[in-house]
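Engineer: Below are the sequence and a predicted model for it; my questions follow.
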Amino acid sequence: MLVTWYKNIIASSPTLQGRADIIGNGSLLIYNSAKSDSGNYSVSVAPPGDLTGSLSFRVNIYDPVTNVSVSQSPAAVDETSPAVNLSCSASSGGMTYTWMREGQSLVINGSYVTLDGGRILQINHPNRTHSGNYSCNVSNPVSWGDAMRFLNISFSDPSTSSLSGGAIAGIVIGAVGGVILLIALIIIVVFCVRKRHREREKKPAAPHKDAIRTVSGTTLSPDDPAYFTMNNIMYRSSSISMGSYIMNNGDNTSDYFRNPSPNPPPNPPKVKHATQV
């Protein structure tokens with residue numbers, strides 16, 4: 001019986017040279033099979049004295065699934081982002097991609113869309129409810145592998161400040177500048193007060209004025225605004241009647257009372273009466 005094997009309609013394919021044998025029952029044995037050995041195979045059998053028979057079929061060789069990983073784009077996502085993509089990849093062997101969230105199969109509709117044969121999971125208009133653990137399962141008929149990634153959708157909390165970093169920095173700088181300005185104003189005010197105090201201490205005191213005593217014995221201050229002197233006679237500006245004042249012609253009244261003579265003058269001083277204003 002003659003058995004002949006063909007790959008892609010080519011007998012004894014060069015890619016199988018040295019790696020394939022026909023064993024006793026007519027089967028084809030391929031050593032160190034590789035993905036490149038995939039293809040359409042056929043076999044013909046010609047029994048002695050009988051018609052030749054043939055059979056064709058497809059052979060697929062798969063690589064094992066290895067190094068499964070999930071990546072995210074963009075890396076940072078919030079509720080204002082239009083979409084976020086989770087991409088699943090494997091070094092080899094991938095054929096089928098299945099997405100799950102928190103261990104449950106995803107329903108691909110609404111916000112969830114798959115692209116590139118299911119390798120990419122796209123989430124449109126993400127919000128905080130989309131946060132969670134996403135896993136991708138990569139498989140083929142002979143092996144499988146999976147990987148997981150946590151997706152965080154950040155959101156603005158109304159109870160916290162929505163100011164940007166630059167705005168906060170500006171507020172801090174403004175506050176520090178205001179404190180410095182306030183300190184400078186306090187220093188200036190203290191300096192001015194101390195300067196004025198020193199000037200007052202250095203200013204000479206006003207000259208002393210002696211009191212004037214009337215005939216009736218009343219003591220009057222020369223600075224009293226109720227009295228004034230004219231032609232060596234003191235007058236009072238109020239409506240109360242004045243007593244008589246003893247004043248020497250040509251003498252200073254204050255000098256007279258500061259240095260009184262122990263003996264009465266030879267001539268009695270002239271008495272003049274103040275007139276009422």
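Structural biologist: All right, it came through fine. Numbers count the residues shown, from 1 in each chain.

Engineer: Tell me the bridge partners for Met100.
Structural biologist: Using DSSP bridges, the bridge partners assigned to Met100 are Ser105, Ser135.

Engineer: Assumed Gly177 was part of a strand.
Structural biologist: No: counting by DSSP: H, G, I helix; E, B strand; the rest coil, Gly177 falls outside a strand, being helix.

Engineer: Tell me the confidence at it?
Structural biologist: The model reports Gly177 with a pLDDT of 89.

Engineer: do the same with the one 3 residues further on
Structural biologist: Reading off the per-residue confidence, Ile180 sits at a pLDDT of 94.

Engineer: Ok, the one 4 residues further on next?
Structural biologist: The confidence metric pLDDT takes the value 92 at Ala184.

Engineer: A strand includes it, no?
Structural biologist: No: with three-state DSSP as the criterion, Ala184 is located in helix rather than a strand.

Engineer: What's the local residue count around it?
Structural biologist: Neighbour count of Ala184, defined by other C-beta atoms under 10 Å: 10. Bear in mind the C-beta positions are built from the backbone N, C-alpha and C, glycine included.

Engineer: in which helix or strand would I find Ser56?
Structural biologist: Taking DSSP states H and E as the criterion, the element that holds Ser56 is strand 53-59.

Engineer: Buried residues, the very next helix or strand once past that strand. List them.
Structural biologist: Beyond strand 53-59 on the C-terminal side, the first helix or strand identified by DSSP H and E is strand 69-73. For strand 69-73, burial by neighbour count (16 or more other C-beta atoms under 10 Å) applies to Val70, Gln72.

Engineer: Mind listing the strands strand 69-73 pairs with, and their directions?
Structural biologist: Sheet partners by DSSP bridges: for strand 69-73, these are strand 83-89 (antiparallel).

Engineer: Can you name the residues in contact with the partner strand?
Structural biologist: With C-beta atoms under 8 Å, 6 or more residues apart in numbering as the contact definition, strand 83-89 has outside contacts at 68-74, 77, 97, 99, 115, 119-126, 134, 136, 138, 147, 149, 151, 153.

Engineer: Nearest residue to Val59 in space, please, no chain neighbours.
Structural biologist: The shortest distance from Val59 to any residue other than its chain neighbours is 5.2 Å, reached at Tyr41 (C-beta to C-beta, 6 or more residues apart in numbering).
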